[in-house]
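> give the three-dimensional model of this entry:
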Amino acid sequence: MLKKKKMLLLLLCVSAIYNLNAQTKDTIELRSYVREFYFKEPVINVLHDFETKYGMKLRYDKTEVDELKYTGEFLSEKIIDAFAAIIGGIKELTYYIDSEGVYCVVLAKNRPRNRTGVENRQYRGEATRKNLTVTGRIKDQTNGEFLPFATVQVEGNAKIATTTNTDGYFTLYNVPSDTATLIFRYLGYETQYFYLSPEISTDNVFVELQPSVSLLDEVVVVGQREDVLKIPELSIGVIQTTAAKIADLPALGEKDLFRTFQLMPGISAANESSAGMYVRGGTPDQNLVLYDDFTIYHQEHLMGVFSAFNTNAVKDIQLHKGGFDAKYGGRLSSVMEIVGKTGNDKSFNIGGDIGFLGFNGFVELPFGNERGSFFIAGRRSFQSFMYNKFTDVYSENQTSGSMSGGPGGGRFNQRNQQKPESYFYDLNAKLTYNPTKRDILSLSFFNGEDVLDNSRESFGSSFMSGSLTDKTNWGNVGSSLKWSRNKDDKYYFNLLASFSNYYSLRDRQNNVTNSSSTSTTSNVAVMFDQNTDEDNRLFDFSLKFDNELKISGTNRLEFGLNYSNYNIRYRYSQSDSTDILNMRNSGNLLAGYLQDKWTVGEKFTVLPGVRLSFYDVTTRLYPEPRLQAFYKFNDRLKIKGSTGYYYQFVNRIVREDISAGSRDIWLLSDDKGIPVSSSTHYIVGASYETNDFLFDAEAYYKRLYDLSEYTLRFAPSFIDNSGYQEFFYNGEGYSRGVDFLLQKKYGKLTGWIGYTLAETRYKFPIYGDGYYAANQDVTHEFKTVLTYKPRRDLTLSATWIYATGKPYTEPIGGYKLNTPNGGEMNFIVVDKKNNARYPDYHRLDLLAKYDLSFIKKFKSSISVSLFNVYDRANVWYKEFSYDEQVGITETNINLLGFTPNVTLSIQLK
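This is a model prediction of the structure:
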């Protein structure tokens, strides 16, 4: 009986194993053959079936297939045959297979083609030409915009590579044969493989790249790059991004160009109140910011919430953090090169964004059969409940305290009721025309303006009351006219004329009534005014002639001439009649440069250069030698170094103001109180890069000479008007530090971790013999950026920033003096320069962006951004006031707390 049971159990096990094996075979057959019936089924669902049921790797743009349907039946077809039948049966679609084996479904009109319109297929025959030179341009397939700083290389040989210039032109030397495959890459676009063949001309090749499309949940395409910021090959201190990628990161108000770069190591992010760039210890005026090759002197809107650049008008951005080459001059710290959009030269397009703080829109108009386009974009802020978050920074009670000091010391708690009103707008326009395939004419225009009314009413004790009028108006106007010509595969030039105008006007009137009583009088009210007016205007007219000569595949020569005429005036008056400063100056600057990028062998590349400037104000020549060098141990590991000397002729001077906050003014260098400032850069670094990760480290030392500052803290109580110009003081300084970056470049989860250890010190003899911490000094700064794409239409991102506190000058007392005309003036006594520090700064920001596929015929998305999620009270600055009755009053002006925002973006194409 026991044997029968064992036998029965054995038979059951064998049967179970057999059935399981049969089921497995059926499953395999199911995945090997298509058994489907479709009747007017949306194509997007059909493609989803082939991904999830049959394991195909697909790539497509859902907006291109959204409205298409398919009818058909498959009883037992091979997967590839069924897929080909489906796509072949839809006249609007076609497909191709890329080098990674991914099936790319595209509109038939968008099939990769060569410049003659023939589909670009891989050539299987014998090569007929060897060691070729390939020239051409790269453009956006959807709108025809040419793509600057894109990379081109031969497949299988990373050493044969180049990049496009600002107009999208490239020249690639030493291509092995006319059957080679070229790889084209650009941040935010699909990688394109272009197959050469004996029938294809290698002269003036046009290649179109598609913007990146989202991948479905189940599909993982190996090698699909999703990084927001890129460090180009053979560069030192250079970061690149595109406007399309900026939208994937949290922002206060709207997507912001400068604040994206502030998330990288070496660029301070602890300046929430300023969209300006503090690069490796430098100040915003030490950065050369070029928009379509003309200079923008002030780069922020709305109390620093926004940068001055509308991302809808920007195509590409490159930032040089230091050690930049001889092509650029006139600044001590860094260079940001912004290329504006040219507009869609294929079809009409319109779009825009709207959020709680403002709206912007753009229009693109093509003309001349894809030979030109006109682009215009505008932004305007408006008041809303979100705007009140900004005014609350001023109007709510701030942390107030008092310090005893000076005659009549005591304690006093003052409440400032502040009612600021402000708005900004900007306008970008660009007209582009291509008279030939080798020539481009472009006219670019920018206008931006801010109006800020920071007036307030002050209510204090029974001793003092009054009001403050504080109105500021500032802006930028600029334009450039440019002719670019790619003469042949060796020579390229551009000729440019531009102007730039910066202005800043401030009217500050402090009206105070001081009530007191004595033994002989009762409630005597004494009224006195402390009014100031500022007017700063800068005009810059420039001509540039830049040339590029490719001597060989390993030697590229660049040279050019620059001319600038500057006119600057500044007036600072007090009490409506007393001119503290009234300066007008002008000057001419002529500069020439020469540099040679030379690759020695396969591992070593050197870029020596020199820039020579003549400045007629000082009638002196200013030589600026530069050098960059790179050594590649292999395709992953390289070391790099850079050094150079730099001069700055137009300076933004700090006018120290303890009571109302320091101000910045633009002035021209001279042989008197404002010398030509200069700096020397020393940078060394190394990077290690794999397919998935990048580790980059750079150490730097920057020496600064002939810095200028203006302060009245050492002035006597009463001086005549002419004497005020004596209070410009000169000094020197240095900045040193090390930047670390660990970046994950691929996959659904991407991002980076950055850390900077830095020290910035100034020495002005007027403040003492030793060095002191500069205003922008931040010792430790840590940043984490994560972007996650769980599905094709959803992007989640988070950023966290931590920085040690910046320094400020703390007062220790005050006193009052009677003026000769019977008035009264209060003065504050301060301790050593920057003797204290603000609390540490940190915040967490989150973003969720969802693509709205249900809005037909439009590309649209909605973004929800949460700024300062845990409501950290970070200190912006401190205000101090003195009254004989109450002593010193200190007021903390805090930055924004928790601030949500929603932005809707929509465009036709």
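
> what about the helix or strand in which residue 705 is found, average pLDDT?
Assigned by DSSP states H and E, residue 705 belongs to strand 693-710. Mean pLDDT, strand 693-710: 93.

> which strands or helices does it pack on?
Applying 3 or more CB pairs under 8 Å, 6 or more residues apart in numbering; DSSP states H and E, one finds that strand 693-710 contacts strand 650-655, strand 677-689, strand 728-744. Using the backbone N, CA and C atoms, a C-beta is placed for each residue, glycine as well.

> sheet partners, orientation included, of it?
For strand 693-710, the pairing partners within the sheet under DSSP bridges are strand 650-655 (parallel), strand 677-689 (antiparallel), strand 728-744 (antiparallel).

> for that strand, the distance to its chain's centre please.
From the chain centre to the centre of strand 693-710 is a distance of 19 Å (CA atoms, centre = their mean, to the nearest Å).

> what's the answer for stretch 877-888, then?
Offset of stretch 877-888 from its chain centre (CA atoms, centre = their mean): 39 Å.

> quote the end-to-end distance of it.
16 Å (CA to CA, to the nearest Å).

> go through it and flag the buried ones.
By neighbour count with 16 or more other CB atoms under 10 Å, stretch 877-888 contains the buried residues 878-888.

> what of stretch 769-784?
Residues 771-779, 781-784 are the ones in stretch 769-784 that count as buried (16+ other CB under 10 Å).

> and it, average pLDDT?
On average, stretch 769-784 scores 92.

> which residues in this structure form helices?
2-32, 43-52, 62-65, 79-88, 243-246, 257-261, 385-395 (DSSP state H).

> worst average pLDDT in those?
helix 2-32 (a mean of 44).

> for the stretch 351-500 of the chain, what spans make up the strands?
Using DSSP state E, counting those that start in this stretch, the strands of the stretch 351-500 of the chain run over 358-367, 372-381, 400-403, 415-418, 421-436, 439-453, 456-459, 464-486, 491-516.

> pretty sure residue 674 contacts residue 651?
Yes - using CB atoms under 8 Å, residue 674 is in contact with residue 651, at 6.4 Å.

> any idea which of the strands of the stretch 351-500 of the chain is most buried?
strand 372-381 (a mean of 22; mean count of other CB atoms under 10 Å).

> does anything pack onto that one? Which helices or strands?
strand 358-367, strand 421-436.

> which ones are touching residue 561?
543-545, 590-592 (CB atoms under 8 Å, 6 or more residues apart in numbering).

> before we move on, what about residue 349?
Applying CB under 8 Å, 6+ apart, the residues near residue 349 are 143, 363-364, 907-909.

> bridged to the residue nearest to it when sequence neighbours are not counted, which residues?
Nearest non-adjacent residue to residue 349, counting by CB to CB, 6 or more residues apart in numbering: residue 364, 4.1 Å away. For residue 364, the beta-bridge partners are residue 349, residue 375 (DSSP bridges).

> hmm, residue 364 is touching residue 375, no?
Yes - using CB under 8 Å, residue 364 is in contact with residue 375, at 5.3 Å.

> if we can go back for a sec, let's have the helices and strands packed on strand 372-381 in CSV, adding distance to residue 564 and mean pLDDT.
Listed next are the helices and strands packed on strand 372-381 as CSV, based on distance: least, CB to CB, whole Å; pLDDT from 0 to 100:
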stretch, distance to residue 564, mean pLDDT
strand 358-367, 31, 90
strand 421-436, 22, 89
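
> mind putting those in JSON lines, distance to residue 686 included?
Output for these, formatted as JSON lines (distance: least, CB to CB, whole Å):
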{"stretch": "strand 358-367", "distance to residue 686": "41"}
{"stretch": "strand 421-436", "distance to residue 686": "39"}
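
> distance-wise, check the nearest residue to residue 831 once chain neighbours are set aside relative to residue 890.
Distances taken as CB to CB, 6+ apart put residue 812 closest to residue 831, at 4.9 Å, once the chain neighbours are dropped. Residue 812 sits 12 Å away from residue 890, going by CB to CB, to the nearest Å.

> check contacts around the residue nearest to residue 349.
Residue 364 neighbours (CB under 8 Å, 6+ apart): 143, 341, 343-344, 348-350, 373-375.

> those residues: which two are farthest apart?
341 and 348 (14.7 Å; CB to CB).

> which one of the two is surrounded by more residues?
residue 341 (26 against 11; other CB atoms under 10 Å).

> just the pLDDT at the residue lying closest to the more buried one once chain neighbours are set aside, thanks.
In this structure, residue 341 finds its nearest non-sequential neighbour in residue 315, 4.8 Å apart by CB to CB, 6+ apart. pLDDT recorded at residue 315 is 88.

> surely residue 315 touches residue 342?
Yes - using CB under 8 Å, residue 315 is in contact with residue 342, at 7.4 Å.

> touching both of those two, which residues are there?
In contact with both residue 315 and residue 342: residue 145, using CB under 8 Å, 6+ apart.

> these two - which one has more neighbours?
Higher neighbour count among residue 315 and residue 342: residue 342, with 29 against 24, using other CB under 10 Å.

> ok, now how distant is that one from residue 241?
In terms of CB to CB, residue 342 sits 18 Å off from residue 241.

> check residue 278 too.
Taking CB to CB, one finds residue 278 at 18 Å from residue 241.
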